[in-house]
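1. sequence plus predicted model, see below.
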Amino acid sequence: MKYIVFISALLGAVLLYLLSHASTNTAASGNYYTLLLVLNGALAVALIVMISMQLWRLFRQMRAHVMGSRLTLRLLGAFALMAIIPGVIVYAVSVNFLTRSIESWFNVKVEAALEGGLRLGQSALDIMLSDIEEKAESMAVSLAFQPSNSHLSVLNDLREKSGVEDAVLLTLQGRILAFSSNNPATFLPELPSIPQLRQARQHVYGTIEPIPDKGLYLRVLAPIVMPDLAGETRILQLLQPVPKSLSTTAESVQDVYQDYQELSLSRESLKEVFALTLTLVLMLAMLSAVSIAFVLSRRLSAPLGVLAEGTRAIARGDYGTMLPVHGKDELGILVQSFNSMTRQLGDATLAAERNRARVEAARGYLATILAHLSSGVLALDDRAQLRTCNMAASNILGVNLSNFLEQPFQQLGQTHVALEAWVELILAHCGDDDTGEWQEELELVTAQGKRILLVRGTRLPQTADSGFLIVFDDVTAMVQAQRDAAWGEVARRLAHEIKNPLTPIQLSAERLEHKLAAKLETDDADMLRRATNTIVTQVAAMKTMVNEFSEYARAPALNLSELALNGLINDVLALYEPADIQLEVSLTEGLPSVMGDATMLRQVLHNLLQNAQDALEGRQDGVIHIITTAETEMVKLEVRDNGTGFPLEILSRAFEPYMTSKRHGTGLGLAIVKKIIEEHKGHIHIENLAEGGASITVTLPAKTKRVE
């Protein structure tokens with residue numbers, strides 16, 4: 001926009017210069033006038049298009065309610081009126097002045113004076129030419145009666161007497177016969193043309209003509225008729241220069257008169273040219289003024305638009321944008337104050353963000369700690385609504401506690417009946433006025449069996465976030481470990497105390513039978529035999545029990561080697577062909593190998609399969625599923641059956657010694673299995689299936705190398 005305005009102003013100045021030049025030299029300016037007219041017309045059209053686009057853009061901004069657009073329109077109108085009104089007045093005065101001035105150039109007196117001066121100069125030249133013609137006639141008569149051989153001397157005398165500059169005697173063909181000149185530097189005369197010679201045959205011929213590089217000359221040709229018998233006609237030429245002052249004045253008057261005649265003929269066209277030029281100048285000036293008005297109005301309204309944009313940025317929360325300052329006036333000071341306010345708001349917001357980041361970091365740190373705690377953590381408000389919980393709490397209870405956030409804690413007990421006693425215990429302590437800590441141990445019966453929870457609680461400080469903090473742990477495994485340790489100690493002592501006297505008791509009973517059976521009567525001997533058999537049978541049973549106790553109490557000595565679990569399972573399954581039970585085997589190919597004791601792992605497989613068979617006793621549709629899968633750095637073995645499952649009172653204590661629902665057996669099988677799996681750094685888990693039956697899952701660490 002600025003460059004277009006500058007170019008239009010420059011072209012307007014050039015056009016004004018050419019206009020002033022055209023008033024003095026119309027011929028010179030006419031060669032370029034058409035081109036200048038086209039260029040300035042194109043510039044005017046370009047300015048009109050540009051102004052129209054700017055007006056359309058301003059109209060769209062006004063429809064879009066852009067801040068500062070209406071002020072821009074008002075400023076544009078004011079600036080345009082300030083430029084157009086004086087311009088129109090000056091244009092009207094200038095057109096009238098030019099019209100009257102051009103008419104004054106062609107006054108009748110001026111034309112008469114120019115014609116009189118032209119006639120005066122012509123009369124002077126005609127008088128001089130007549131004088132030369134008379135001299136030429138006189139000299140021709142004198143030369144006609146002179147012999148040919150004396151023509152040169154006579155011609156020279158006659159020239160000197162008449163005061164002529166050059167005299168030449170010529171034939172009709174233009175051949176020089178004699179030549180005389182008062183200029184010693186002249187060697188050849190200026191000869192006439194053939195047509196001039198032809199005109200001079202019958203009478204005297206005179207003319208005024210310019211000679212290149214010499215000026216204006218009077219040329220006179222007179223015929224000389226020789227009276228001799230030959231009668232040959234000769235031509236006398238006289239050349240006389242016109243005085244310098246007279247020739248210059250005559251030429252000036254002639255040129256001015258010609259220019260005047262040209263101007264007189266182009267009077268109307270000159271008016272049109274001046275009017276059109278003035279119109280173009282005015283149009284370019286007006287369009288340039290409107291363009292400048294656009295620039296100035298936008299420049300003046302720009303700070304308001306900048307302030308509006310800055311206000312919107314602050315409303316969006318962007319405090320980093322600094323507005324450009326336009327000048328040092330009041331608007332510039334306002335923009336500077338706005339920038340200062342923005343910086344202060346930005347600093348305050350940054351400080352608030354830093355504080356919020358610290359709070360979020362502390363909250364995230366606390367949340368991370370809570371998420372990785374093995375203990376369940378609950379936070380209740382003063383109205384006993386659940387405010388916060390961690391993942392461990394949901395895992396321990398087997399309930400997604402996030403569904404109960406911001407709800408009364410009592411609703412958890414109403415939704416899950418198994419947790420009702422636990423919820424009532426917590427609510428009872430939260431309702432007490434005592435603000436001290438409390439601790440309770442509670443046993444829950446869930447679908448996974450009995451679980452022992454150690455619950456601790458305290459009241460939070462009286463602040464805006466006051467309430468109660470509850471921390472609880474699942475100590476079932478710890479209690480189980482204590483029981484396992486106690487049973488191991490009992491087993492070791494019983495095995496030591498009972499095993500030693502069993503063999504002497506058995507031998508003593510057999511000796512009694514051997515010594516006394518032959519000496520007693522038949523009835524007494526039979527009674528002795530039955531008593532002895534009873535003693536021997538019970539001693540054998542006690543030995544079996546003692547051996548199992550010994551095996552349970554003894555820490556197994558592992559002989560670890562790399563094993564393919566799928567191959568070991570296939571070897572064990574080859575020994576089982578149950579009649580009424582269907583075996584379904586799903587072994588994952590490419591299962592990673594494990595490091596284990598083959599003998600002990602076979603014992604584990606035998607025990608799991610035997611337990612599954614015992615659970616399916618008496619069923620016609622019994623199915624045992626053996627499944628192996630690979631997980632992240634672990635190998636999983638799962639044995640399922642569709643039997644009756646574990647009773648709930650046994651499910652949570654299935655790995656304790658003598659916990660069994662079978663009519664036979666000691667109840668040490670699963671306890672020994674668990675001990676073997678733990679020695680292999682693995683885990684074992686039992687559960688009842690929703691569709692019926694039970695599942696025992698064994699997880700062992702895998703080697704990185706896979707075996708087929």
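-> Cool, got the structure. Numbering: from 1, shown residues only.
2. CA atoms only for the helix or strand where residue 196 lies, dumped as CSV, please.
-> In this assignment (DSSP states H and E), residue 196 forms part of helix 194-199. The C-alpha coordinates for helix 194-199 follow below in CSV (Å, rounded to 0.1, in the frame of the first residue of the first chain):
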residue,chain,number,x,y,z
ILE,A,194,19.4,23.2,-63.8
PRO,A,195,15.7,24.3,-63.4
GLN,A,196,17.0,27.7,-62.3
LEU,A,197,19.2,28.0,-65.5
ARG,A,198,16.2,27.1,-67.6
GLN,A,199,14.1,29.8,-66.1
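3. check which helices and strands the next helix or strand after that helix is in contact with.
-> The helix or strand immediately downstream of helix 194-199 is strand 205-211, counting by DSSP H and E. Counting contacts by 3 or more C-beta pairs under 8 Å, 6 or more residues apart in numbering; DSSP states H and E, strand 205-211 packs against helix 108-144, helix 194-199, strand 215-225. For the C-beta atoms, the positions are set from N, CA and C on the backbone; glycine is no exception.
4. and for the residue lying closest to residue 586 once chain neighbours are set aside, the neighbour number?
-> Of all residues not flanking residue 586 in the chain, residue 627 sits nearest, at 4.7 Å (C-beta to C-beta, 6 or more residues apart in numbering). Neighbour count for residue 627, taken as other C-beta atoms under 10 Å: 16.
5. now name the helix or strand holding residue 627.
-> Short version, using DSSP H and E: residue 627 is in strand 622-631.
6. and that strand, how far from the chain's centre?
-> Offset of strand 622-631 from its chain centre (C-alpha atoms, centre = their mean, to the nearest Å): 54 Å.
7. hmm, back to that, among the helices and strands packed on strand 205-211, which is nearest residue 288?
-> Residue 288 lies closest to helix 108-144 among those, at 38.8 Å (C-beta to C-beta).
8. what pLDDT, on average, does that closest one get?
-> Predicted confidence along helix 108-144 averages 72 (mean pLDDT).
9. stretch 41-50 now?
-> For stretch 41-50, the per-residue pLDDT averages 74.
10. before we move on, what about stretch 237-250?
-> 73.
11. quick one: residues contacting the residue nearest to residue 586.
-> Shown in contact with residue 627 (C-beta atoms under 8 Å, 6 or more residues apart in numbering): 586, 587, 636, 637, 638, 640.
12. and of these, the nearest to residue 57?
-> residue 636 (72.5 Å).
13. domains for the chain, by residue range?
-> Here the domain parsing of the chain from automatic domain parsing is 2-105+266-309, 125-254, 321-372, 373-474, 481-553, 561-706.
14. take those and write them to JSON lines, including distance to residue 315.
-> Conversion of the domains of the chain to JSON lines gives the following (distance: least, C-beta to C-beta, whole Å):
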{"stretch": "domain 2-105+266-309", "distance to residue 315": "11"}
{"stretch": "domain 125-254", "distance to residue 315": "82"}
{"stretch": "domain 321-372", "distance to residue 315": "11"}
{"stretch": "domain 373-474", "distance to residue 315": "30"}
{"stretch": "domain 481-553", "distance to residue 315": "63"}
{"stretch": "domain 561-706", "distance to residue 315": "51"}
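15. rank the ones you listed by pLDDT, which is bottom?
-> domain 2-105+266-309 (a mean of 68).
16. which residue ranges of the stretch 301-450 of the chain form helices?
-> With helices called from DSSP state H, counting those that start in this stretch, the stretch 301-450 of the chain shows them at 330-372, 391-397, 410-415, 420-431.
17. and the second one, how far from the chain's centre?
-> Between the mean C-alpha point of helix 391-397 and the mean C-alpha point of its chain there is a distance of 45 Å (C-alpha atoms, centre = their mean).
18. and that helix, what does it pack onto?
-> Secondary elements touching helix 391-397 (3+ C-beta pairs under 8 Å, 6+ apart): helix 330-372, strand 376-381, strand 467-474.
19. residues of it that come out buried?
-> Neighbour counts over helix 391-397 (16 or more other C-beta atoms under 10 Å) mark 391, 392, 393, 396, 397 as buried.
20. residue 593 contacts residue 562, doesn't it?
-> Yes - the pair residue 593 / residue 562 is scored as a contact, 5.0 Å apart, by C-beta atoms under 8 Å.
21. distance of residue 157 relative to residue 238?
-> With distances taken as C-beta to C-beta, to the nearest Å, residue 157 is found 14 Å from residue 238.
22. look at these two and report which has more neighbours.
-> residue 238 (24 against 14).
23. in the sheet, who's paired with that one?
-> In this entry, residue 238 is beta-bridged to residue 167, residue 220, by DSSP bridges.
24. who's in contact with it?
-> By C-beta under 8 Å, 6+ apart, the neighbours of residue 238 are 132, 135, 136, 139, 162, 164, 166, 167, 218, 219, 220, 222.
25. count the residues that sit near residue 290.
-> 22.
26. what of residue 90?
-> Going by other C-beta under 10 Å, the residues that sit close to residue 90 add up to 13.
27. so it is in which element?
-> helix 69-105.
28. and that helix, how far out from the chain middle?
-> 50 Å.
29. rewinding a little: list the buried residues of the next helix or strand after the strand holding residue 627.
-> Where DSSP H and E defines the elements, the next helix or strand beyond strand 622-631 is strand 634-641. For strand 634-641, a neighbour-count test (16+ other C-beta under 10 Å) marks 635, 636, 637, 638, 639, 640, 641 as buried.
30. let's verify the residue lying closest to residue 635 once chain neighbours are set aside: helix, strand, or coil?
-> Excluding the flanking residues, the one nearest residue 635 by C-beta to C-beta, 6+ apart is residue 702, at 4.5 Å. Residue 702 carries the three-state label strand when classified by DSSP: H, G, I helix; E, B strand; the rest coil.
31. for residue 702, give the beta-bridge partners.
-> Going by DSSP bridges, residue 702 forms beta bridges with residue 594.
32. and it, what is it in contact with?
-> Counting by C-beta under 8 Å, 6+ apart, residue 702 has contacts 592, 593, 594, 630, 633, 634, 635.
33. can you get me a residue count around residue 470?
-> Neighbours of residue 470 using other C-beta under 10 Å come to 23.
34. residue 688 - how many residues pack around it?
-> 18.
35. from residue 570, how far off is it?
-> Taken as C-beta to C-beta, the span from residue 688 to residue 570 is 28 Å.
36. before we move on, what about residue 177?
-> For residue 177 relative to residue 570 (C-beta to C-beta), the value is 154 Å.
37. quick check: phi and psi on residue 240?
-> Residue 240 has phi and psi values of phi -130, psi 120 when expressed as degrees, to the nearest 10.
38. how about residue 457?
-> phi -150, psi 160.
39. and what of the one 3 residues further on?
-> Dihedral angles of residue 460 (phi, psi; degrees, to the nearest 10) stand at phi -80, psi 160.
40. right, I'll call it a day here.
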